[in-house]
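J.: Using only what follows, build the 3D model:
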Amino acid sequence: MESKNITVKPVVSEKSYTLANASNKYTFAVESGVNKIEIKNAVEAKYKVKVETVNIVIKPGKMKRDWKTNRKSRKSDIRKAIVTLKKGDKIDEFLNI
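T.: Numbers count the residues shown, from 1 in each chain. Sure, this is the predicted structure:
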């Protein structure tokens, strides 16, 4: 098995901030091709917390139109991981952004 260099970037929005405060769920942007186990290990290693569950959501990219040639193209999809932490664990860096 190869070890992948996985990057997890916090997604800061009103909804993700509310989820973090209310139900201890944190949202991260991840690249495609990474599974839930790898995301769990990356978050635990980076933030020193215990992860209970990982849910993945794929947000489709928007359609864009070139105004000159009228060609349509689609932006790339965004893959988000919603990570539920063990009760009592927090990611302070996420809440202070």
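J.: Flag the shaky bits of this protein, pLDDT-wise.
T.: 1-3, 97 (pLDDT under 70).
J.: Tell me the buried residues in the helix of greatest length in the chain?
T.: In the chain, with assignment by DSSP state H, the single longest helix is helix 36-47. Neighbour counts over helix 36-47 (16 or more other C-beta atoms under 10 Å) mark 38, 39, 40, 42, 43, 47 as buried. Placement of C-beta: from N, CA and C, glycine included.
J.: residue ranges of the strands in this structure, please?
T.: Using DSSP state E, the strands assigned to the chain run over residues 9-10, 25-30, 51-59, 63-65, 72-74, 78-85.
J.: Just put these in CSV and tack on mean neighbour count and distance to residue 93.
T.: Putting the strands of the chain into CSV (neighbours: other C-beta atoms under 10 Å; distance: least, C-beta to C-beta, whole Å) gives the following:
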stretch, mean neighbour count, distance to residue 93
strand 9-10, 14, 7
strand 25-30, 20, 10
strand 51-59, 13, 16
strand 63-65, 10, 33
strand 72-74, 10, 33
strand 78-85, 18, 13
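J.: and of these, who's closest to residue 96?
T.: strand 9-10 (10.4 Å; C-beta to C-beta).
J.: And the closest one, what does it pack against?
T.: The helices and strands touching strand 9-10, judged by 3 or more C-beta pairs under 8 Å, 6 or more residues apart in numbering; DSSP states H and E, are strand 25-30.
J.: contacting residues around the strand it packs on?
T.: For strand 25-30, contacts defined as C-beta atoms under 8 Å, 6 or more residues apart in numbering pick out 6-11, 13, 15-16, 19-20, 39, 43, 56, 78-85, 91, 94.
J.: From residue 73, how far off is the residue most central in space within the chain?
T.: Residue closest to the average C-alpha location in the chain (C-alpha atoms, centre = their mean): residue 28, at 2.1 Å. Distance, residue 28 to residue 73, using C-beta to C-beta, to the nearest Å: 27 Å.
J.: Great, nothing more from me.
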